[in-house]
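Visitor: no FASTA, just this:
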């Protein structure tokens, strides 16, 4: 979906919502005109939820905002919608995939009469399975965050299932399902724009039983995160994400006994494995409407900038999408727990990525990646020099070793009710007050859900 088309749909959602609210005041819910209003609103919602788990309509200042996109100066009916939402104390309406016509009809009726309810002293809306409402006076910020995290988890799971469909179609039909791939990347790109920190953190917290498919999704997310940090947006950003999603597609032609071998590959087996870059480029070149960048990334992503790696070809330079995908690929592979490999902590991974002094990766891009991800990425549970247990909330780019953390347990391991935040870079004065991270910890050992804090 182009940015222009997306904005048109966002405006249409607000207009349809305003029309349905106004119609509720004029007609009974079963009146043909109001039924048509609901049907049109539901149709717009369905189009927006095609490829994403949820859509949010809200109020920020004096503007209506849909999916973090402020709408242009409101027409008369949107101005009325803005006024009504403010009067009712509503600042956020989240609509999830699966919403029904009956649910939407009931919700419109409840919102239309909300002012009367508030005047009567009943400060609550009914609960709806697929619709959530943020209230200025009645709902805490934490509830909205929790709903966002649920949506992000659902999006990630949907993307992993879609990756499996893409992989299987390439294996059976010889071509990946491009429409499914585009829809998957679109959803990930839009969610990354809303909450990149939580989405990137989720890539490190998934169960790797389905490594092939989660790895496809993770590399796409991490590549787009790097590209966004470099200023790429819109169609170009999505093309980077699509190419990264497809980078290993050639493995559909690799014998399964080699792909799933729990031990180190023999030289002959590794020669067969290396063939996947050529196979991937060939598959993607033969897929109609596949962006030209995708086969290039599939072919190059195991080449190093000094010309080594594989396949054995002469390359004067690598394109930016390949370099970003290669960084994401190595990073995600090394931190993944698999039968033949323990997961490495981020500090060791980054040491590997920098040790060759630019022979494998562009060190400027690696430094940017470190600033983006951090030595201790958001969501990492850590032990501090005070023996307290904390969770990393935010990377501090000037010093990735010293992020912003939230302290969850004291030195004896007891939960801390206040859970204070602590910017570790402010404690770096070299004396006895210096508080720093000693080691990363396994969140499961402490029964901590990292995403709940992001």
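Guide: Okay, I see it. Please read these numbers as outputs of a predicted model, since none were measured by experiment.
Visitor: What is the subsequent helix or strand relative to the helix or strand that contains residue 277?
Guide: Here residue 277 sits within helix 276-285, counting by DSSP states H and E. Using DSSP H and E, the helix or strand that follows helix 276-285 in sequence is helix 293-300.
Visitor: Now the helix holding residue 277: buried residues?
Guide: For helix 276-285, burial by neighbour count (16 or more other CB atoms under 10 Å) applies to 276-284. No exception for glycine: its C-beta is placed from N, CA and C like everyone else's.
Visitor: which of the residues you listed lies closest to residue 410?
Guide: residue 276 (49.6 Å; CB to CB).
Visitor: if I look at the closest residue to the closest one other than its chain neighbours, how far off is residue 223?
Guide: Nearest residue to residue 276, sequence neighbours excluded (CB to CB, 6 or more residues apart in numbering): residue 250, at 3.7 Å. Going from residue 250 to residue 223 by CB to CB, to the nearest Å gives 17 Å.
Visitor: neighbour-wise, which of these two wins?
Guide: residue 223 (28 against 22; other CB atoms under 10 Å).
Visitor: Tell me where the model's unsure across this protein.
Guide: Applying pLDDT under 70 to the chain flags the ranges 1-4, 61, 73-77, 115-124, 135-148, 206-209, 315-316, 337-342, 356-358, 429-432.
Visitor: quick one: the strands in the chain?
Guide: Under the criterion DSSP state E, the chain contains strands at 54-60, 63-66, 69-70, 90-96, 131-135, 381-384, 389-394, 404-409, 421-423, 437-441.
Visitor: Go through the ones you listed and name the closest to residue 452.
Guide: Of all the strands of the chain, strand 389-394 sits nearest to residue 452, with 9.3 Å by CB to CB.
Visitor: And the closest one, how far out from the chain middle?
Guide: Relative to its chain's centre, strand 389-394 lies at 19 Å (CA atoms, centre = their mean, to the nearest Å).
Visitor: So which bits of it are buried?
Guide: For strand 389-394, the neighbour count (16+ other CB under 10 Å) marks 389-393 as buried.
Visitor: mind putting those residues in a markdown table, distance to residue 272 included?
Guide: Below are the buried residues of strand 389-394 laid out as a markdown table (distance: CB to CB, whole Å):
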| residue | distance to residue 272 |
| --- | --- |
| 389 | 45 |
| 390 | 46 |
| 391 | 43 |
| 392 | 40 |
| 393 | 44 |
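Visitor: Which members of those residues are the farthest-apart pair?
Guide: Within these, 389 and 393 form the most distant pair, 13.8 Å apart (CB to CB).
Visitor: ok, which stretches of the stretch 1-150 of the chain are helices?
Guide: With DSSP state H, counting those that start in this stretch as the criterion, the stretch 1-150 of the chain has helices at 3-26, 32-48, 76-88, 101-112, 114-119, 141-173.
Visitor: Turn the ones you listed into TSV, columns for distance to residue 351.
Guide: Listed next are these as TSV, based on distance: least, CB to CB, whole Å:
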stretch	distance to residue 351
helix 3-26	39
helix 32-48	44
helix 76-88	51
helix 101-112	52
helix 114-119	56
helix 141-173	28
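Visitor: what's the closest of those helices to residue 127?
Guide: Nearest of the helices of the stretch 1-150 of the chain to residue 127, taken as CB to CB: helix 101-112 at 10.4 Å.
Visitor: So which residues make contact with the closest one?
Guide: Residues from elsewhere that reach helix 101-112, judged by CB atoms under 8 Å, 6 or more residues apart in numbering: 20-21, 24-25, 29, 38-39, 41-42, 45, 88, 90, 125-126, 128-131, 133.
Visitor: Give me the buried entries from those residues.
Guide: Counted by 16+ other CB under 10 Å, these give 20-21, 24, 38, 41-42, 45, 88, 90, 125, 128, 130-131, 133 as buried.
Visitor: Which of those sits closest to residue 322?
Guide: residue 45 (38.2 Å).
Visitor: residue contacts, the residue nearest to residue 276?
Guide: Taking CB under 8 Å, 6+ apart as the criterion, residue 250 is in contact with 275-283, 298.
Visitor: ok, it to residue 433 distance?
Guide: Taking CB to CB as the measure, residue 250 falls 54 Å from residue 433.
Visitor: ditto for residue 94
Guide: Distance from residue 94 to residue 433, counting by CB to CB: 43 Å.
Visitor: between those two, which one's more packed in?
Guide: residue 94 (19 against 9).
Visitor: Would you agree the more buried one is in contact with residue 151?
Guide: Yes - judged on CB atoms under 8 Å, residue 94 makes contact with residue 151 at a distance of 7.4 Å.
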